[in-house]
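Engineer: Structure for this input, please:
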Amino acid sequence: MTIQGKTVSQSQVETFHIVRPNDLNPAGRLFGGTLMSWIDEVAALVARRHAQMNVTTGSVDNLKFLSAVYLEEMLVMKGKVTHVGTCSMEIKVETFVEHINGQRDLVNVAYFTLIGLDDKDKPAPLPKLKLETEEDRIEWEKANKRRELRRKQAQEGFHFY
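Structural biologist: Modelled structure (predicted):
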């Protein structure tokens, strides 16, 4: 079976959340775990759209909280595929606070590795990624560098557990 490629734009996802009182930590800011759950869901949606199969989160490679988010602020989460290997893919999720005037301020960037799963929950081959724009190519190259860094860390016995 030949797996057709898909473009970045074919699987992009954009979701919205209003920060509510139950989303806050005791300091009155958005609880980081809540945001992590939301962005993991965005990453999974992107991966499912690309793979057209079930997926599972393999790792969160990079998660940077750039600024706090407060009650009643509107969050916009944008996810896209940045790299595809044989059975795994990297998904970038950017989170913005969108103000009443439409201005968006970046508050979080995260990179996830997701794995495509067959009917028996085993890793499955994924559609290739067709790069259309210069931005797509730049993201692909950056993802290659992150991938190489992960390999090097594994070779050196550096693990996060």
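
Engineer: any idea which helix or strand carries residue 45?
Structural biologist: Using DSSP states H and E, residue 45 falls within helix 32-51.

Engineer: buried residues in the helix or strand that comes right after that helix?
Structural biologist: Using DSSP H and E, the helix or strand that follows helix 32-51 in sequence is strand 55-65. By neighbour count on 16 or more other Cβ atoms under 10 Å, the buried set for strand 55-65 is 55, 60-61, 63, 65. In this view, the C-beta of every residue, glycine as well, is placed from N, C-alpha and C.

Engineer: which one of the residues you listed is nearest residue 119?
Structural biologist: Relative to residue 119, the closest of the buried residues of strand 55-65 is residue 55; by Cβ to Cβ it sits at 13.3 Å.

Engineer: got the contact list for the closest residue to the closest one other than its chain neighbours?
Structural biologist: Nearest non-adjacent residue to residue 55, counting by Cβ to Cβ, 6 or more residues apart in numbering: residue 47, 4.2 Å away. For residue 47, the contact set (Cβ atoms under 8 Å, 6 or more residues apart in numbering) comprises 11, 55, 81, 89, 91, 112, 114, 116.

Engineer: The second one is in contact with residue 117, isn't it?
Structural biologist: Yes: contact between residue 55 and residue 117 holds when scored by Cβ atoms under 8 Å: they sit 6.2 Å apart.

Engineer: Is there a quick PyMOL command that grabs whichever of the contacts of residue 47 are buried?
Structural biologist: Selecting only the buried entries of these in PyMOL, with 16+ other Cβ under 10 Å as the criterion:
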select buried, resi 11+55+81+89+91+112+114+116
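
Engineer: Let me have the contacts of residue 47 in TSV, adding distance to residue 152 and secondary structure as columns.
Structural biologist: As requested, those are arranged in TSV below (distance: Cβ to Cβ, whole Å; DSSP: H, G, I helix; E, B strand; the rest coil):
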residue	distance to residue 152	secondary structure
11	29	coil
55	26	strand
81	23	strand
89	20	strand
91	21	strand
112	20	strand
114	21	strand
116	25	strand
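
Engineer: Out of the contacts of residue 47, the closest to residue 135 would be?
Structural biologist: The nearest one, if we look at those relative to residue 135 and count by Cβ to Cβ, is residue 81, at 12.5 Å.
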